[in-house]
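[1] Coordinates for the following, if possible.
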Amino acid sequence: IGLYLLAILAARDLGYIGLSNLSLRLRFAFESLDRLGRYRGHFLNWIDTSMLTPLPPGYVSTVDSGNLAACLIVLKQGCAELPQEPIWDWKTWQGLLDLLALLMDAAVALGIDQATSSARPSPQGLGFGDKELNLASANNTSPLLVHLEEIQRRIWAVREDTAQWLPLLTWLLEEGQPELSRRLVVAMETSTASIAPEILHDWRVYIEQMQQRLVDMQREIDQMLPWSALLQQPPSLFIAADVPLAYRAAWDALCDTLPGSPTLGAIPAICAAGQTQLQQLAALLSDAGSHAPAVAAARDWCDRLAAALGAAQITTQALLDTLLEISNQAKGYVAEMDFGFLFARQRQVFHIGYNIDSGQLDNSYYDLLASEARIASIVAIAKHDVPYTHWLRLGRPLTQLASGEQLLLSWSGTMFEYLMPPLLMHSYPG
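    Numbers count the residues shown, from 1 in each chain. Model prediction:
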């Protein structure tokens with residue numbers, strides 16, 4: 001559960017989903033969590049996923065509760081930081097570039113142009129989009145691959161020119177993606193090689209993901225940054241060379257009030273300020289008292305922008321409220337987890353877990369530092385559920401590798417024991 005929640009947060013960080021998608025997924029997840037039974041704040045270890053009821057025996061696992069608690073803490077912090085992040089930044093395009101790299105690999109696997117295999121992108125992430133991929137090849141004659149490269153080049157060309165991001169998105173939705181689908185159909189129809197079912201499946205998934213991501217990007221712009229498109233198509237009255245100075249000043253003030261890529265948390269105030277500036281423009285248009293087409297068009301434009309700003313203010317405030325609610329729920333779940341009853345006071349280490357049905361604590365203990373259970377230890381200490389001296393009671397047996405390097409021993413030497421804690425905790429030398 002915890003890693004799923006962090007996967008949602010990571011998908012947003014990597015540009016694979018937008019804020020609305022993140023909010024929806026987290027809200028559904030927390031609605032399910034609210035339906036799960038708990039014991040002394042702990043979610044039970046085994047759940048019937050179809051009915052959301054506990055499977056016998058009811059069991060509280062120290063290590064799993066610790067992992068979930070740490071994930072909830074990270075999620076809480078992530079939700080608190082999202083309002084300070086831009087709605088639209090380069091990582092959104094990086095996510096799309098990653099998808100294009102997967103499409104390029106799938107195109108080569110399709111066998112439509114084996115001569116291009118030396119020019120295909122090598123996966124350098126995920127994070128394929130961290131730097132420009134040099135895909136051009138004199139041997140590349142496949143229309144499908146040529147079009148994929150063209151889409152990628154167009155994205156990289158506007159990296160520093162944010163004013164061109166919206167026109168690029170419009171082109172991708174109206175021309176780029178439909179043409180990609182058309183060329184794929186042609187490539188499959190004309191291919192002389194037998195196409196494996198798994199290759200077709202990959203293509204279907206990637207094409208659907210690309211289409212959905214583009215639609216989601218456009219929807220978020222329409223709902224949260226509605227002025228972006230309207231400011232790119234201003235009324236002629238406001239930008240004419242002979243526009244009255246009062247109109248010009250009011251127009252410039254409006255444009256200054258509506259930035260291209262604000263943070264989520266700033267949008268409600270931006271919308272309110274924009275509506276104030278619009279009222280000044282509307283007053284000027286009213287004083288003009290003219291029914292000329294240019295004035296009528298300007299009034300209609302102002303009305304549309306005012307309505308869009310009002311809707312964006314409501315949408316973004318609802319999203320901010322959802323993120324705050326999720327953050328508080330995550331904090332509450334952690335606060336309610338009582339790690340104290342799982343702690344062996346005499347040994348100063350944790351029991352493996354607690355069997356609710358038998359009412360018994362396990363007669364085994366987490367007593368090594370090189371274990372994923374140390375996440376539960378640090379959380380419990382931070383919550384003051386157990387004394388900080390517990391950390392000093394965790395065993396630190398060492399072994400020496402053939403290279404001479406010393407290594408902490410874990411219970412069974414599994415990668416999970418060594419690699420799980422660094423996902424969520426700082427590691428310090430020594």
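
[2] wait, isn't Phe43 in contact with Ser65?
    Yes - here Phe43 reaches Ser65: they are 7.1 Å apart, a contact under Cβ atoms under 8 Å. To be clear about C-beta, it is placed using only N, CA and C from the backbone, and glycine gets the same treatment.

[3] So for these two, which sits in the more crowded spot?
    Ranked by neighbour count (other Cβ atoms under 10 Å), Phe43 and Ser65 place Ser65 first, with 30 against 21.

[4] give the contact list for that one.
    Applying Cβ atoms under 8 Å, 6 or more residues apart in numbering to Ser65 gives the contacts His42, Phe43, Met337, Phe339, Leu342, Ala376.

[5] Give me the below-cutoff pLDDT ranges for the stretch 151-300 of the chain.
    Flagging of the stretch 151-300 of the chain using pLDDT under 70 yields the residue ranges 192-193, 288-291.

[6] Which residue ranges of it form helices?
    Counting by DSSP state H, counting those that start in this stretch, the segments of the stretch 151-300 of the chain that form helices are 165-171, 177-190, 197-224, 227-231, 236-239, 245-257, 267-288, 293-336.

[7] quick one: which of the ones you listed is nearest Lys76?
    helix 293-336 (4.2 Å; Cβ to Cβ).

[8] ok so, going back, in a markdown table: the helices of the stretch 151-300 of the chain, plus distance to Asp385.
    Output for the helices of the stretch 151-300 of the chain, formatted as a markdown table (distance: least, Cβ to Cβ, whole Å):
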| stretch | distance to Asp385 |
| --- | --- |
| helix 165-171 | 48 |
| helix 177-190 | 52 |
| helix 197-224 | 41 |
| helix 227-231 | 49 |
| helix 236-239 | 62 |
| helix 245-257 | 49 |
| helix 267-288 | 38 |
| helix 293-336 | 10 |
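
[9] Distance to Pro397 and mean neighbour count added to those helices, as TSV?
    Converted to TSV, these look like this (distance: least, Cβ to Cβ, whole Å; neighbours: other Cβ atoms under 10 Å):
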stretch	distance to Pro397	mean neighbour count
helix 165-171	55	17
helix 177-190	57	15
helix 197-224	46	16
helix 227-231	60	18
helix 236-239	74	16
helix 245-257	63	15
helix 267-288	54	17
helix 293-336	31	17
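
[10] So which residues make contact with stretch 277-286?
    Contacts of stretch 277-286 (Cβ under 8 Å, 6+ apart): 238, 246-247, 250-251, 253-254, 257, 295, 298-299, 302, 305-306, 309.

[11] Restricting to C-alpha, output it in PDB.
    C-alpha atoms of stretch 277-286 as PDB (Å, rounded to 0.1, in the frame of the first residue of the first chain):
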ATOM      1  CA  GLN A 277      -8.100  43.600 -13.600                       C
ATOM      2  CA  LEU A 278     -10.800  42.400 -15.900                       C
ATOM      3  CA  GLN A 279     -13.300  44.600 -14.100                       C
ATOM      4  CA  GLN A 280     -11.100  47.600 -15.000                       C
ATOM      5  CA  LEU A 281     -11.100  46.600 -18.600                       C
ATOM      6  CA  ALA A 282     -14.900  46.000 -18.500                       C
ATOM      7  CA  ALA A 283     -15.400  49.500 -17.100                       C
ATOM      8  CA  LEU A 284     -13.300  51.000 -19.900                       C
ATOM      9  CA  LEU A 285     -15.400  49.100 -22.500                       C
ATOM     10  CA  SER A 286     -18.600  50.200 -20.800                       C
END
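
[12] Run the chain-centre distance for that stretch.
    A distance of 39 Å separates the centroid of the chain from that of stretch 277-286, by Cα atoms, centre = their mean, to the nearest Å.

[13] Among the contacts of Ser65, which lie within strands?
    In strands, defined here by DSSP state E, the members of those are His42, Phe43.

[14] and which of the contacts of Ser65 is nearest to Gln223?
    For the contacts of Ser65, the nearest to Gln223 is Phe43 (33.9 Å; Cβ to Cβ).

[15] Can you tell me how far that closest one is from Gly353?
    For Phe43, the distance to Gly353 equals 12 Å [Cβ to Cβ, to the nearest Å].

[16] Please tell me how far Glu208 sits from Cys71.
    In terms of Cβ to Cβ, Glu208 sits 29 Å off from Cys71.

[17] Ile47 now?
    Taking Cβ to Cβ as the measure, Ile47 falls 16 Å from Cys71.

[18] Equivalent analysis for Ala307, please.
    Here the criterion is Cβ to Cβ. By it, Ala307 lies 41 Å from Cys71.

[19] Same check on Glu405?
    Noted for Glu405: a distance of 31 Å to Cys71, by Cβ to Cβ.

[20] Compare those two and say which is more crowded by neighbours.
    Under the criterion of other Cβ under 10 Å, the comparison of Glu405 against Cys71 puts Cys71 first, with 23 against 8.

[21] Whichever strand or helix holds that one vs helix 293-336, what angle?
    Element membership of Cys71, judged by DSSP states H and E, is helix 62-81. Helix 62-81 and helix 293-336 are oriented at 150 degrees to each other (axes from the mean of the first three to the mean of the last three Cα atoms, to 10 degrees).

[22] what mean pLDDT does helix 62-81 have?
    Computed over helix 62-81, the mean pLDDT rounds to 97.

[23] What is the subsequent helix or strand relative to it?
    For helix 62-81, the succeeding helix or strand toward the C-terminus, using DSSP H and E, is helix 90-109.

[24] which parts of that next one are buried?
    By 16 or more other Cβ atoms under 10 Å, the buried positions in helix 90-109 come out as 90-109.

[25] need the contact list for Gly353.
    Counting by Cβ under 8 Å, 6+ apart, Gly353 has contacts Asn45, Tyr59, Val60, Ser61, Thr62, Val63, Leu342, Leu361, Asp362.

[26] Show me what it bridges to in the sheet.
    Ser61 (DSSP bridges).

[27] and what of Thr263?
    Residues in beta-bridge contact with Thr263 (DSSP bridges): Pro86.

[28] pretty sure Gly395 is in contact with Ser371, am I right?
    No - the criterion here is Cβ under 8 Å, and Gly395 misses it with Ser371 at 9.4 Å.

[29] And those two? Which one has more around it.
    More crowded of Gly395 and Ser371, by other Cβ under 10 Å: Ser371, with 24 against 13.

[30] Wait, a helix at that one?
    No - applying DSSP: H, G, I helix; E, B strand; the rest coil, one finds Ser371 to be coil, outside a helix.
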